[in-house]
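[1] missing the sequence, but the structure's below:
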């Protein structure tokens, strides 16, 4: 058995060594103890040849057994696993030598290797301070500050939870890298997270006023402003109203036109059906709905831990009604007429196969915001993961835009 309890994902399977369990799409696959131990060894050493004598010694360390016992285990595993996506067996026989696990394996929670990762492994995150302030209509808003340096404010997006996302596989690398260089200020949008859930109004206008309240409460006069997804429209609107306070505008996966202003009739009908599904299934951990939600935002390199995180996010971030209301308010966004009025330095990042925000929306931003830089990213993910090369490109370009090198040298 493995010395350290780990979890591995391959194809539709999740191998949990500590729990002595193999799951296929959430359903346990029953294996005999020695077959399970054999699978653990193969998966832990995926891509490497394991000689038969080494497998025999590790699976039966205190017993002399014949080779046909190992062959029987391999046969049982092949029958239980079937074929992977390439149509081949998960376990390859190397004649007269041994066996090799040939399917791609993801070690959940492991640091990215050089072939997948884009940066260095993050250390512990700095301490965040969560506080509350009031919007002009009395709604209580939660905001957090972490790190030190020139302030960077991130506009809220659908959906946030300051505490839950702190160590998440979706946001931890964002927080970790940004707080190396900035005092990062984040907040939970009204209707979700740690902010008030019982709210009457949801719109871009209200969201901009909420951003104004958070910035004033945090006590920052001038700062870099980041907008991701829906938060981009809020950031654009704020930058137009308060150009003297925004030194840099960073937009990633942003749209100026919500779904209702760019979709055709058939797409609108599908969107209404999706809103109905949200109101019925939000937070219920239904495998089909949860997987659809995860694959929508992070289809590339996503693992079971990402799906689990999104499932839990649904429960802790918002009620089914609020989740649907926020999405419907996002669909009404239309700030395209403001784009030519943006006067602050702007950089636009857009994943070239983003399934949430059309690539054309990113190009519209870059074309209509004066002197904006456009950085296409090679990814299908709406939210960049630490393990993908596009994350490294994003950090390099963002660091150049925000002069991280000069700022770091000045502080040393």
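    Yep, that arrived. Given the structure is predicted, the values throughout are model-derived calculations rather than measurements.
[2] Residue 73 contacts residue 35, correct?
    Yes - under the criterion of CB atoms under 8 Å, residue 73 makes contact with residue 35 at 4.7 Å. Heads up, the C-betas are built off the backbone N, CA and C, glycines and all.
[3] The strand or helix carrying residue 53 - what's its average pLDDT?
    In this assignment (DSSP states H and E), residue 53 forms part of helix 52-59. Average pLDDT, helix 52-59: 90.
[4] Beyond that helix, next helix or strand please.
    Counting by DSSP H and E, the element after helix 52-59 in chain order, helix or strand, is helix 67-81.
[5] what angle do that following helix and helix 52-59 make?
    Relative orientation of helix 67-81 and helix 52-59, computed by axes from the mean of the first three to the mean of the last three CA atoms, to 10 degrees: 80 degrees.
[6] Mind listing what's buried along whichever helix or strand comes after helix 67-81?
    Remark: after helix 67-81, the chain's next helix or strand is strand 91-94, criterion DSSP H and E. Residues residue 91 are the ones in strand 91-94 that count as buried (16 or more other CB atoms under 10 Å).
[7] Sheet partners, orientation included, of strand 91-94?
    strand 98-101 (antiparallel) (DSSP bridges).
[8] now the next helix-or-strand element following the partner strand: how far from the chain's centre is it?
    Later in the chain than strand 98-101, the nearest helix or strand by DSSP H and E is strand 106-107. Relative to the centre of its chain, strand 106-107 is centred 16 Å away, using CA atoms, centre = their mean, to the nearest Å.
[9] same question, stretch 45-65
    Centroid separation for stretch 45-65 versus its chain: 38 Å, with CA atoms, centre = their mean.
[10] same thing with stretch 220-238?
    Relative to the chain's own centre, stretch 220-238 is displaced by 20 Å; criterion: CA atoms, centre = their mean.
[11] Any idea how far apart the tips of it sit?
    End-to-end span of stretch 220-238 (CA to CA, to the nearest Å): 14 Å.
[12] swap in stretch 190-198?
    Across stretch 190-198, the terminal residues are separated by 8 Å (CA to CA).
[13] Same question for it: list its buried residues.
    Result for stretch 190-198 [16+ other CB under 10 Å]: buried residues 190-197.
[14] Could you pull up the mean pLDDT of it?
    95.
[15] do the same with stretch 134-151
    For stretch 134-151, the per-residue pLDDT averages 96.
[16] Need phi/psi at the nearest residue to residue 127 once chain neighbours are set aside.
    Once flanking residues are discounted, residue 127 sits nearest to residue 146: 6.8 Å by CB to CB, 6 or more residues apart in numbering. With angles defined as degrees, to the nearest 10, residue 146 sits at phi -150, psi 150.
[17] Relative to the whole chain's centre, how far out is stretch 243-253?
    Once both centres are worked out by CA atoms, centre = their mean, stretch 243-253 turns out to sit 22 Å from its chain's centre.
[18] With stretch 297-315 instead?
    A distance of 7 Å separates the centroid of the chain from that of stretch 297-315, by CA atoms, centre = their mean.
[19] Put together TSV for the buried residues of stretch 190-198, with secondary structure and distance to residue 210 on each row.
    Shown next, in TSV, are the buried residues of stretch 190-198 (DSSP: H, G, I helix; E, B strand; the rest coil; distance: CB to CB, whole Å):
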residue	secondary structure	distance to residue 210
190	coil	6
191	coil	10
192	coil	12
193	coil	12
194	coil	13
195	coil	8
196	coil	11
197	coil	14
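[20] Pick the one among those closest to residue 211.
    residue 190 (10.9 Å; CB to CB).
[21] The closest one and residue 344, how far apart?
    25 Å (CB to CB, to the nearest Å).
[22] re earlier: what is the helix holding residue 53 packed up against?
    helix 33-44, helix 67-81, strand 98-101 (3 or more CB pairs under 8 Å, 6 or more residues apart in numbering; DSSP states H and E).
[23] so which of the ones you listed gets nearest residue 309?
    Of all these, helix 33-44 comes closest under CB to CB, at 22.3 Å.
[24] The residue nearest to residue 127: how many residues sit nearby?
    By the criterion of other CB atoms under 10 Å, residue 146 has 21 neighbours.
[25] Point me to the helix or strand that includes residue 130.
    Assigned by DSSP H and E, residue 130 belongs to strand 128-134.
[26] Many thanks, have a good one.
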